[in-house]
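> give me the fold of what follows.
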Amino acid sequence: MLSASARLARPHKIFVITARPQLIPYSYICAMKIGNIELPDRPLFLAPMEDVTDASFRYVCKMFGADMMYTEFVSSDGLIRDAAKSLAKLVTYDYEKPIGIQIYGHIPEAMVEAAKMAEAAKPDLIDINFGCPVHKIAGRGAGSGMMRNPDLMVRITKEVVDAVKLPVTVKTRLGWDEDSKIIVELAERLQDTGIKAITIHGRTRAQMYKGEADWTLIGKVKENPRMHIPIIGNGDIDSPFKAKEAFDRYGVDGIMIGRATFGHPWIFKEIKYYLRHGELMPEPTVKEKADLAIKHFRKSLEIKGDRVGVLEMRRHFSCYFKGLDNFKETRLKLVTSNSPDEIIDLIHYIEERWG
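Just a heads-up that it's a prediction; the model follows:
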């Protein structure tokens, strides 16, 4: 019987396409490295988000200058069971590079096997999710649930690092709750396992996504003279102003952007423009948003087919055109139609009506 890794290696499991999105031009000077991955000064990372950062969304984020991206997070248990949904998340494309596959779980042996399977899909790095706060994950000890068992977290990280040849990184939080913010010491311990970078979300698990992210402890990790790997900050980066503050005030090597990309993937371009020029770039017009929505939609159909491509774009359509006056009726049609042609006609109508 074939091992799980061998099953993944079969040709029908992983495929690559070579078409590249048109990228925004900018001067590229390597200023940060994660293992052998070279990144520019003040790099911007797209956060891995379940049911959001699929291949079509990553495509448009790359268009607007995301320097490093990740797959949706993948269950280690799902991978070793050969679950189709988990295996599908391992598919990446040449134009996405550099890209990481993020895995999560709480059983060391399963995490090691999952890391090997992820490595077989040929990403640029493996990222371990110790940050997801949702109950179905954290409640069983995975994701940020691991903050209550830092010894196991360190053990899993070390075993994954030792099991694969690719760089391994970690994404985590400040601690489990307000009384157990252990990130400064924990970051050192994780670094000692051999990871090549750490991303820190500025909330505890107990906070979920409520309140404001606290960047002070992220800054303290960066200030720690024992830390020598890149520190990537995450949490509430939703404007060029906050991005600049994160770099200037807290000294992080990179920033990761999550929820602020919903319907707003050009945020990467906005931030880079502001960091270079000290002023805001113009807001995209309705026509530009409509053109982008169609490009995103067509990529979704190309990758996932008509039925799934339509269903999975609905969340994005609502966000792309948020804020338009008297839009409720058109929005309802946009998110209930099952016809790709009808949806594209609606987007052209939006362009004409509100452009």
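> export stretch 344-355 to CSV, keeping only CA atoms.
Extracted as CSV, the C-alpha positions of stretch 344-355 are listed here (Å, rounded to 0.1, in the frame of the first residue of the first chain):
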residue,chain,number,x,y,z
ILE,A,344,-20.6,39.4,-15.7
ASP,A,345,-23.5,41.3,-17.2
LEU,A,346,-24.4,42.6,-13.7
ILE,A,347,-20.9,43.7,-13.1
HIS,A,348,-20.9,45.7,-16.4
TYR,A,349,-24.2,47.2,-15.3
ILE,A,350,-22.6,48.2,-12.0
GLU,A,351,-19.9,49.9,-13.9
GLU,A,352,-22.3,51.8,-16.1
ARG,A,353,-24.8,52.7,-13.3
TRP,A,354,-22.3,53.7,-10.6
GLY,A,355,-19.2,54.4,-12.6
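> show me what counts as buried in that stretch.
Under the neighbour-count criterion of 16 or more other C-beta atoms under 10 Å, stretch 344-355 has 344, 346-347, 350-351, 354 buried. Bear in mind the C-beta positions are built from the backbone N, C-alpha and C, glycine included.
> over to stretch 118-133?
118-121, 123-133.
> all strands for this structure, in order.
All strands of the chain, identified by DSSP state E, fall at 30-34, 37-40, 44-46, 69-70, 74-75, 99-104, 125-130, 168-173, 197-201, 231-234, 254-257.
> which among those strands is found nearest to A114?
Proximity to A114 (C-beta to C-beta) singles out strand 99-104 among the strands of the chain, at 4.8 Å.
> run the angle between the closest one and strand 30-34 for me.
30 degrees (axes from the mean of the first three to the mean of the last three C-alpha atoms, to 10 degrees).
> coming back round to it: now the strands of the chain as a markdown table including distance to L301?
Output for the strands of the chain, formatted as a markdown table (distance: least, C-beta to C-beta, whole Å):
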| stretch | distance to L301 |
| --- | --- |
| strand 30-34 | 33 |
| strand 37-40 | 31 |
| strand 44-46 | 21 |
| strand 69-70 | 21 |
| strand 74-75 | 23 |
| strand 99-104 | 22 |
| strand 125-130 | 28 |
| strand 168-173 | 31 |
| strand 197-201 | 32 |
| strand 231-234 | 31 |
| strand 254-257 | 26 |
